[in-house]
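A.B. asks: here are the coordinates; sequence isn't available:
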DNA sequence: TAGATAAACGACCGGTCGTTCATATACTCT
DNA sequence: AGAGTATATGAACGACCGGTCGTTTATCTA
């Protein structure tokens, strides 16, 4: 129980499979992704999945959780190194844009792909994705509320409204930069949030001018 | 040649099929849509499609054009009844949000679904969707430039930047309202653009306060 | 009225989908 | 050494995929 090489190997397999699944799902979605292609990309057999997951849906659910962990490590954690307030909010936005620009995922954003796929399709996957989005938005709202309470955002700012705007402005960068081959999309996304935060802050000098 | 009931019937069939295809594609995408389900939804046989289109891709291309026409009729044309300037820009935004709120398409937005599906998949469909997006953004930019030249927007406004922001803020309303069952999403989208336009206009009183 | 043509159909093709199952291997525990 | 278990495989399944084929029905033309 304490030292089982099989479990360790199994866990490594699971991690490798989920990572690849999230990568492919960022391109073709979680349902568009087929087990055959996933197996081919990993060089394993299709039936091997069912040693780890009961069916495709269970794998999809775990893939969502894996993507949440990746998002936390690569966007939230780095942003928390910035001082609380508007600088942390903007650091969060920049971490996200860097995640897109660095092409960490071949499709750009797992959550964009999966959200448009499942927003109108009932089931457990939808609920899991929905919860991930709620948690993420609640986190952004909390950062906004922090910024208000430490006086770096005007007291009349609505955290809900600001979180919506940051989410919208950040995410369009994915499809715009790809579909239109428009490099300026990321710059538009950056400037939009920067100018918005500066306009809402009593001390804009906390943020870069441009 | 001038009066052929067969051609007329064929054209009506094509229109009905494309309308249904756009509806279904707004939910599951243009590739996720299967000819079998499309035929079932229309109560016709699968093989009948190939009397009108060579293959699925040709139908997809026509569906994109059909969706562009629908978008023009239901969003652009109504907005053009508003006077040129910031009021027309905001009318465009409101027409779009009404299109979403009225659930004209069961999936909310054909172009959101198709864009996330094809932004990283080469082919003719991608090019067609890309062109549709470019044309749409160019139209929004033109309205913004008009507003600047008639003095209703500050001269230092960047039409590219404004078009990006309006697009981003408008479109997130689709998935947010659906995935999160959040009715406020549309209101967030409306207020974000309204306050943005008011902030950029020398005469905010042209627009509603809230 | 006879022939041509557009529209729609049912049957069927090869291929891929998610899934099941019997089996083999690798490892731990008793 | 032997039982038990986690991991992985290849073969096979029924369902559905996009697409082809020959045929029928409806309509126009000569």
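C.D. replies: Thanks, I have the structure now. Because the structure is a prediction, the values reported are computed rather than measured.
A.B. asks: hmm, the top helix by length along chain A in reach of DNA strand C?
C.D. replies: When every helix of chain A is counted residue by residue (DSSP state H), the longest turns out to be helix A:124-149. No: using Cβ under 7 Å from any atom of the strand, helix A:124-149 never reaches DNA strand C; the gap is at least 12.1 Å. Glycine gets a C-beta too; all of them are placed from N, C-alpha and C.
A.B. asks: give me the helices and strands touching that helix, please.
C.D. replies: Using 3 or more Cβ pairs under 8 Å, 6 or more residues apart in numbering or on different chains; DSSP states H and E as the contact criterion, the neighbours of helix A:124-149 among helices and strands are helix A:56-71, helix A:86-101, helix A:110-118, helix A:159-179, helix B:159-179.
A.B. asks: what angle separates the shortest one from helix A:56-71?
C.D. replies: Calculated by axes from the mean of the first three to the mean of the last three Cα atoms, to 10 degrees, helix A:110-118 forms an angle of 150 degrees with helix A:56-71.
A.B. asks: the residue nearest to residue A:168 when sequence neighbours are not counted: neighbour count?
C.D. replies: What sits nearest to residue A:168 in space, not counting adjacent residues and going by Cβ to Cβ, 6 or more residues apart in numbering or on different chains, is residue B:172, at 3.8 Å. Other residues near residue B:172 come to 24 when the count uses other Cβ atoms under 10 Å in any protein chain shown.
A.B. asks: avg pLDDT for the longest helix of chain A?
C.D. replies: Averaged over helix A:124-149, pLDDT sits at 98.
A.B. asks: okay, buried residues for it please.
C.D. replies: Using 16 or more other Cβ atoms under 10 Å in any protein chain shown as the burial criterion, the residues of helix A:124-149 that qualify are A:125-126, A:128-130, A:132-133, A:136-137, A:139-141, A:143-144, A:146-148.
A.B. asks: try stretch A:172-182
C.D. replies: Under the neighbour-count rule (16+ other Cβ under 10 Å), stretch A:172-182 has A:172-180, A:182 buried.
A.B. asks: got the contact list for it?
C.D. replies: The contact list for stretch A:172-182 (Cβ atoms under 8 Å, 6 or more residues apart in numbering or on different chains) reads A:97, A:100, A:108-109, A:112, A:183, A:185-186, A:188-189, B:115-116, B:118-120, B:126, B:129-130, B:133-134, B:137, B:164, B:167-168, B:171-172.
A.B. asks: the closest residue to DNA strand D within chain A is in what secondary structure piece?
C.D. replies: Among residues of chain A, the one nearest DNA strand D by Cβ to the nearest atom of the strand turns out to be residue A:10. It sits 1.5 Å away. Here residue A:10 is covered by helix A:5-28, with elements defined by DSSP states H and E.
A.B. asks: now residue A:85. Nearest residue, chain neighbours left out?
C.D. replies: residue A:152 (3.7 Å).
A.B. asks: sorry, wrong one. I was asking about residue A:107.
C.D. replies: residue A:26 is the one closest to residue A:107 (Cβ to Cβ, 6+ apart), at 3.0 Å.
A.B. asks: my understanding was that the one you found contacts residue A:103; is that so?
C.D. replies: No: the pair residue A:26 and residue A:103 fails to qualify as a contact (Cβ atoms under 8 Å) at a distance of 10.1 Å.
A.B. asks: list the helices and strands the helix holding residue A:10 packs on?
C.D. replies: helix A:35-42, helix A:56-71, helix A:110-118.
A.B. asks: quick check: angle from it to helix A:110-118?
C.D. replies: Regarding helix A:5-28 and helix A:110-118, their directions subtend 70 degrees when assessed with the same axes, to 10 degrees.
A.B. asks: tell me the pLDDT of the closest residue to residue A:37 other than its chain neighbours.
C.D. replies: Distances taken as Cβ to Cβ, 6+ apart place residue A:24 nearest to residue A:37, at 7.0 Å, with adjacent residues excluded. Model confidence at residue A:24, given as pLDDT, is 98.
A.B. asks: one more: residue A:118?
C.D. replies: The predicted structure scores residue A:118 at 97 on the pLDDT scale.
A.B. asks: cool, residue A:101 as well?
C.D. replies: We note a pLDDT of 97 for residue A:101 in this prediction.
A.B. asks: quick one, what contacts it?
C.D. replies: With contact set as Cβ under 8 Å, 6+ apart, residue A:101 has these partners: residue A:186.
A.B. asks: gap between the residue most central in space within chain A and residue A:146?
C.D. replies: Nearest to the geometric centre of chain A sits residue A:71, at 4.7 Å (Cα atoms, centre = their mean). Shown here: residue A:71 relative to residue A:146, a distance of 20 Å by Cβ to Cβ, to the nearest Å.
A.B. asks: and residue A:76, by the same measure?
C.D. replies: Taking Cβ to Cβ, one finds residue A:76 at 14 Å from residue A:146.
A.B. asks: that's all I had, so thanks and see you.
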